[in-house]
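Enquirer: Quick one, structure for this:
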Amino acid sequence: MLFNISVSDTYYLSKPIKSDYKTMQLQTKEVDITTLSDLIRKGHSICSVFNQDIFKLKDKTTDNFKQSNLIILDFDHSIISFEELLNAIRLKPTIAYQTFSNTETDYRLKLIYLFEEP
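Expert: Predicted coordinates:
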């Protein structure tokens, strides 16, 4: 299944810093789930699709929102670990991963659910 997602033109080896967010550009791409997983694994930022095909984070506004096939749940400072969370939930995510900021004592992770219809 192919779907549209916005992807950063740059990949990151660690959590982007403030200056990275100011210069980050995202572009709408048509991908499948394997490609999306690879982009995330390589350190690209992702988000919903907006009205411009190429845009900066400042352009991510409600008025510019176009569509999304994904629901992304972002857990910061979770009290349960990645493994505990995955074992506890009934509806398993399409993609799940620990973010750059995750540590042994400060759990940070994302669950992504893909839907056929935007």
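Enquirer: What is the burial count for F50?
Expert: Look at F50: counted by other CB atoms under 10 Å, it has 20 neighbours. C-beta: built from backbone N, CA, C; applies to glycine.
Enquirer: and if you look at K66?
Expert: Counted with other CB under 10 Å, K66 comes out at 13.
Enquirer: buried ones in the longest helix seen in the chain?
Expert: Longest among the helix segments of the chain by residue count, using DSSP state H, is helix 33-42. By neighbour count on 16 or more other CB atoms under 10 Å, the buried set for helix 33-42 is 36, 39-40.
Enquirer: now stretch 81-100: mean pLDDT?
Expert: The pLDDT scores in stretch 81-100 average 95.
Enquirer: ok, so what distance separates I72 from A96?
Expert: Per CB to CB, to the nearest Å, I72 is found 11 Å from A96.
Enquirer: swap in I40?
Expert: According to CB to CB, I40 and A96 sit 10 Å apart.
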